[in-house]
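1. Test case, fold it:
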Amino acid sequence: MESPTPKIVVITPVKNEAWILERFLSVTSQFADYIIIADQNSTDGSQAICKKYHKVILIENKSENFNEAERQLLLIKAARDLISEPKILLALDADEILAANATQTPSWQTMLKAKPGTVICFEKPDLFVTTHQCIRTGILTPLGYVDDGAEHQPQSIHSVRIPTPEYAPRLHFHDIKVLHYGVTRLDAHAAKIRMYSVIENVLEVGNPIGRRSRYTAKQDYLKLGKVEPAPQEWFTGWEEKGIDMHTIIKHKYYTYDFEVLRYFHKYGVRRFWMDDIWQQDWEACRQYAKSQAMTDIPDDEIPKQSQILTLIANLLAKSYAQLRAILSFLKLS
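-> You can find the predicted model right below:
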């Protein structure tokens, strides 16, 4: 007797993703059986958008903190509690959208027939500046799991999103693309990088000098790979269904900026002097946040970092990078 076709269950954390949520849900509704959204205190209308789509199961993540482990476990538990049928979990962020030709590939059918306990890896091209070009690294990311109830052991930041037990075979699908829209907005991505630096500071991940090198304000995106045209077949099928795949919405400030302000409010500004976040005008951002009656925003003026502190921080980061390069060379010799 042939096994039943598993349900496709997309699990997605959301916090103020209105800029792309309509596109994500319009596309995802075309192939998913269920879309579980864990909304974390959105204030931009994200919940209202979710409620327009009948495949969406909206749950609340009431945590005030950034914690990837908590939200992944929340989503996986909801999928298992609410959907009893055999299922494939696809862990996608709201700015990650399945290419239009993906469901017509041989790999899609292979995925549907995979045994429980299988990890599924896809390529995730970065649409770069516009939707008409991309950067491709060739790296395949584990985003899917043919669910067998395995325990997930996530990390609080930069965590693999789905269970990856030691016994699990992996399927690597080069012909299924998940389009990442994150660097279509370089200013928003820079804000996100600043937020990650601040979060790792609070979590005490690594050391301050290494963190400054890792989350530099001068991101060189071309280190990821060469820029090439984005194939039209990634978009056409969805566009034929009336889905806008190309409009990019930008703002002066982003939710990531306001999260950094909240960390300033909680821990003080001085703690973050070594983080490479001071090209941003935080005082102007603070005043805007106050004008919008946002909560947990610092009351006191946020001064710009002095040139001397910036110089010291840059010298320390440069020396650290040179030392690491020397040690790496000696190790290879």
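2. can you pull out the helices in the stretch 1-150 of the chain?
-> 18-31, 46-50, 68-82, 106-112 (DSSP state H, counting those that start in this stretch).
3. most packed of those helices?
-> helix 18-31 (a mean of 20; mean count of other Cβ atoms under 10 Å). Glycine gets a C-beta too; all of them are placed from N, C-alpha and C.
4. what sits up against it?
-> Outside helix 18-31, the residues that touch it by Cβ atoms under 8 Å, 6 or more residues apart in numbering are 8, 10, 12, 14, 17, 35, 42, 44-46, 49-50, 52-53, 55-56, 92, 94-98, 100, 102-103, 181, 238, 241, 243-245, 249, 251.
5. cutoff 7 Å now
-> 8, 10, 14, 35, 44-46, 49-50, 53, 55-56, 94-95, 97-98, 103, 181, 238, 241, 243-245, 249 (Cβ atoms under 7 Å, 6 or more residues apart in numbering).
6. so Pro142 touches Glu123, yeah?
-> No - the pair Pro142 and Glu123 fails to qualify as a contact (Cβ atoms under 7 Å) at a distance of 11.8 Å.
7. could I get the helices of the stretch 1-150 of the chain as TSV with mean pLDDT?
-> Below are the helices of the stretch 1-150 of the chain laid out as TSV (pLDDT from 0 to 100):
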stretch	mean pLDDT
helix 18-31	98
helix 46-50	98
helix 68-82	98
helix 106-112	97
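8. Need those in a markdown table (columns: distance to Asn314).
-> Listed next are the helices of the stretch 1-150 of the chain as a markdown table, based on distance: least, Cβ to Cβ, whole Å:
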| stretch | distance to Asn314 |
| --- | --- |
| helix 18-31 | 33 |
| helix 46-50 | 38 |
| helix 68-82 | 30 |
| helix 106-112 | 46 |
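9. returning to what we had before: buried only: go through the contacts of helix 18-31 for me.
-> 8, 10, 14, 35, 44, 46, 49-50, 53, 56, 94-95, 97-98, 103, 181, 238, 243, 245 (16 or more other Cβ atoms under 10 Å).
10. mind listing what Pro125 touches?
-> Contact analysis of Pro125 by Cβ under 7 Å, 6+ apart lists 134-136, 177, 179-180.
11. elements contacting the lengthiest strand in the chain?
-> Longest strand in the chain by number of residues (criterion: DSSP state E): strand 170-180. When contacts are defined as 3 or more Cβ pairs under 7 Å, 6 or more residues apart in numbering; DSSP states H and E, strand 170-180 packs onto strand 96-98, helix 106-112, strand 119-123, strand 126-127.
12. Any idea how many residues pack against the nearest residue to Leu89 once chain neighbours are set aside?
-> Nearest residue to Leu89, sequence neighbours excluded (Cβ to Cβ, 6 or more residues apart in numbering): Tyr145, at 4.7 Å. If you count neighbours by other Cβ atoms under 10 Å, Tyr145 ends up with 29.
13. Look up how far Lys113 lies from Tyr145.
-> Taking Cβ to Cβ, to the nearest Å as the measure, Tyr145 falls 15 Å from Lys113.
14. One more: Gln219?
-> Counting by Cβ to Cβ, the gap from Gln219 to Lys113 is 40 Å.
15. Dump the helices and strands packed on strand 170-180 to JSON lines, plus distance to Leu316.
-> Formatted as JSON lines, the helices and strands packed on strand 170-180 follow (distance: least, Cβ to Cβ, whole Å):
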{"stretch": "strand 96-98", "distance to Leu316": "35"}
{"stretch": "helix 106-112", "distance to Leu316": "47"}
{"stretch": "strand 119-123", "distance to Leu316": "37"}
{"stretch": "strand 126-127", "distance to Leu316": "30"}
